[in-house]
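Chemist: sequence below, structure please.
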Amino acid sequence: MTAEILCVGTELLLGDIVNTNASYIAKELARIGINLYHQSVVGDNHDRLISSVKDAFENADILITTGGLGPTYDDLTKETVADYFNKSMYLDKESLDRIEHLFKSIHRPVSENNKKQAMIPEGAIVLKNDYGTAPGIILEENGKTAILLPGPPREMKPMFDNLVLPYLEKKSGKTFVSKNINIFGLGEAMVENMLRPLILDLKNPTVAPYAKEGEMLLRLTACADTEKEANEIIDPYIKDITNIIGAENIYGIDAYSLQNALVKALSEKNLKVATAESCTGGLISKRITEIPGSSKVFELGICTYSNDAKVNILGVNKDTIDKFGAVSYNTAVEMAQCIRKIANADIGLGVSGIAGPESGDSDKPVGLVYVAVSSKTIRT
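Modeler: Next comes the predicted model:
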């Protein structure tokens, strides 16, 4: 099966709203093995919208739209798709009751244009909206399926997860499982070059490299009758890939992020970390503490941007800074040692660098960063 995503809304075209719906739906379609070859955005205009619907069904079996299901005159998605399928509209009593109940709960009257949202194309499957007034719709005819979803992500996502995914999984008839190999220290081109023969040879599972900020991942996706069988297909290839690119370059399987893997590893080892940051301005502390469970492993974070703060708060030796500079191996080491002692942590991290935009020292260019780690067994 092939699908296309069509997001409706002039505000999306103008950039007033970031289109996160397409990214979310695309990832979920890939997870269940539905091919996505194209996605587009169209404004709130009937002629352009009907043209986009026709173009989508020229190439895809399934069209998923978001937006344009609201109560105003320019919310045209439902009516336009009904026109494409030559379907008349009717007032769905259950949808109207839900809308009236929602307005009653917030002590507001239901306006006539809100009732427009309860108008449904004949023969459609109605998708209940537990977080808003616009029901979703599924229309099927002649091997083509249109799935119409509300635009607000807080309404779209639960409707897609709870109602649309089970519907699509039944149509697919197969189970798809994906696992991500998280890689740090190797670029996308290098990894692809190392794995090219394997990637080109594999059909099930497939292997796809993705470049991310500061890291990359390999996504392996297998198709089988059951989840157990799909995992049995993938797992041997994870071992093969690990052997080819080196275990030292892999920080996790489905680890999601470096900080996620870090918190997990510290928790498993029952260790606590503390950070002393200069050029990063507290970013490392933020990355760690945004992970659930980080309170068990993160003891203290101090941002000592100035030299005085490094000396007076951390206890870095002033002579070290005078001799080697704030951005130096020696200062970073003392920062790591000092923060570990202050916090009584197992591990101390010290970071100092030249953030820019200018550097006052030709020997220390913008972007130079020293990172030091201190523990009972590791110094730098």
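
Chemist: quick one: contacts for the nearest residue to residue 80 once chain neighbours are set aside?
Modeler: Among residues not flanking residue 80 along the chain, residue 49 sits closest, at 4.6 Å (CB to CB, 6 or more residues apart in numbering). Heads up, the C-betas are built off the backbone N, CA and C, glycines and all. Contacts of residue 49 were listed using CB atoms under 8 Å, 6 or more residues apart in numbering, and they are 8, 42-43, 68, 76-77, 80.

Chemist: one more: residue 85?
Modeler: Shown here is residue 85, whose contacts under the criterion CB under 8 Å, 6+ apart are 121, 139, 141, 146.

Chemist: looks to me like the second one is in a strand.
Modeler: Put plainly, it is residue 139. Yes - assessed by DSSP: H, G, I helix; E, B strand; the rest coil, residue 139 belongs to a strand.

Chemist: how many neighbours does the nearest residue to it once chain neighbours are set aside have?
Modeler: Distance criterion CB to CB, 6+ apart; nearest residue to residue 139, sequence neighbours excluded, is residue 146 at 4.5 Å. For residue 146, the count of nearby residues is 25 (other CB atoms under 10 Å).

Chemist: report how many residues lie close to residue 173.
Modeler: Here the count is done by other CB under 10 Å, and residue 173 has 9 residues near it.

Chemist: please name the residues that touch it.
Modeler: So residue 173 contacts nothing (CB under 8 Å, 6+ apart).

Chemist: against residue 247, how distant is residue 239?
Modeler: With the distance defined as CB to CB, to the nearest Å, residue 239 ends up 10 Å from residue 247.

Chemist: with residue 156 instead?
Modeler: 40 Å.

Chemist: which of the two has more neighbours?
Modeler: Summary of the neighbour comparison: residue 156 and residue 247, criterion other CB under 10 Å, with residue 156 having more neighbours (26 against 9).

Chemist: where does the stretch 251-380 of the chain dip in pLDDT?
Modeler: Counting by pLDDT under 70, the stretch 251-380 of the chain has low-confidence residues at 359-361, 378-380.

Chemist: what do you get if the cut-off is 80, keeping everything else the same?
Modeler: 358-362, 377-380 (pLDDT under 80).

Chemist: all the helices of it, residue numbers only.
Modeler: Under the criterion DSSP state H, counting those that start in this stretch, the stretch 251-380 of the chain carries helices at the ranges 258-269, 283-289, 307-309, 318-324, 329-343.

Chemist: what are the buried residues along the longest one?
Modeler: The neighbour-count criterion (16 or more other CB atoms under 10 Å) identifies 330-340, 342-343 as the buried residues of helix 329-343.

Chemist: then the second one?
Modeler: Judged by neighbour count (16+ other CB under 10 Å), helix 283-289 contains these buried residues: 284-285, 287-289.

Chemist: so in the protein, which helix runs the longest?
Modeler: As far as residue count goes, and with DSSP state H defining each element, the longest helix of the chain is helix 227-245.

Chemist: neighbouring contacts of it?
Modeler: 175-177, 179, 181, 183, 186, 191, 194-195, 198, 202, 204-205, 207, 218, 220, 222-224, 250, 253.

Chemist: what's across from residue 350 in the sheet?
Modeler: Taking DSSP bridges, one obtains residue 276, residue 372 as the residues bridged to residue 350.

Chemist: list the contacts for it?
Modeler: Contacts of residue 350 by CB under 8 Å, 6+ apart are 275-276, 331-339, 370-374.

Chemist: looking at these, which one is closest to residue 265?
Modeler: Using CB to CB, residue 373 is the member of those that lies nearest residue 265, at 13.5 Å.

Chemist: the residue nearest to residue 139 belongs to a strand?
Modeler: Yes - according to three-state DSSP, residue 146 belongs to a strand.

Chemist: flag the least confident of the contacts of residue 85.
Modeler: Lowest-confidence member of the contacts of residue 85: residue 141, scoring 91 (pLDDT).

Chemist: ok, what's across the strand from that one?
Modeler: Beta-bridge partners recorded for residue 141 (DSSP bridges): residue 144.

Chemist: how many other residues sit next to it?
Modeler: Neighbour number of residue 141 under other CB under 10 Å is 12.

Chemist: kindly report the same for residue 197.
Modeler: For residue 197, the tally of surrounding residues (other CB under 10 Å) stands at 9.

Chemist: can you tell me the element it falls in?
Modeler: helix 188-201 (DSSP states H and E).

Chemist: name the residues of that helix that are buried.
Modeler: Buried positions in helix 188-201, judged by neighbour count with 16+ other CB under 10 Å: 188, 191-192, 194-195, 199.

Chemist: got it, and stretch 122-141?
Modeler: Buried positions in stretch 122-141, judged by neighbour count with 16+ other CB under 10 Å: 124, 126-127, 129, 132-139.

Chemist: ok, so of these, who is nearest residue 26?
Modeler: Using CB to CB, the buried residues of stretch 122-141 come closest to residue 26 at residue 136, 17.8 Å.

Chemist: which of the contacts of residue 49 are buried, as a ChimeraX select command?
Modeler: Selection of the buried residues among the contacts of residue 49 in ChimeraX, burial being defined by 16+ other CB under 10 Å:
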select :8,42,43,68,76,77,80
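
Chemist: distance check, the residue of the chain positioned farthest from its centre against residue 350.
Modeler: With distances taken as CA atoms, centre = their mean, the residue sitting farthest from the centre of the chain turns out to be residue 319, at 46.0 Å. For residue 319, the distance to residue 350 under the criterion CB to CB works out to 17 Å.

Chemist: before we move on, back to that, among the buried residues of helix 283-289, which one lies nearest to residue 271?
Modeler: The shortest distance between residue 271 and any of the buried residues of helix 283-289, using CB to CB, involves residue 288 and amounts to 12.6 Å.
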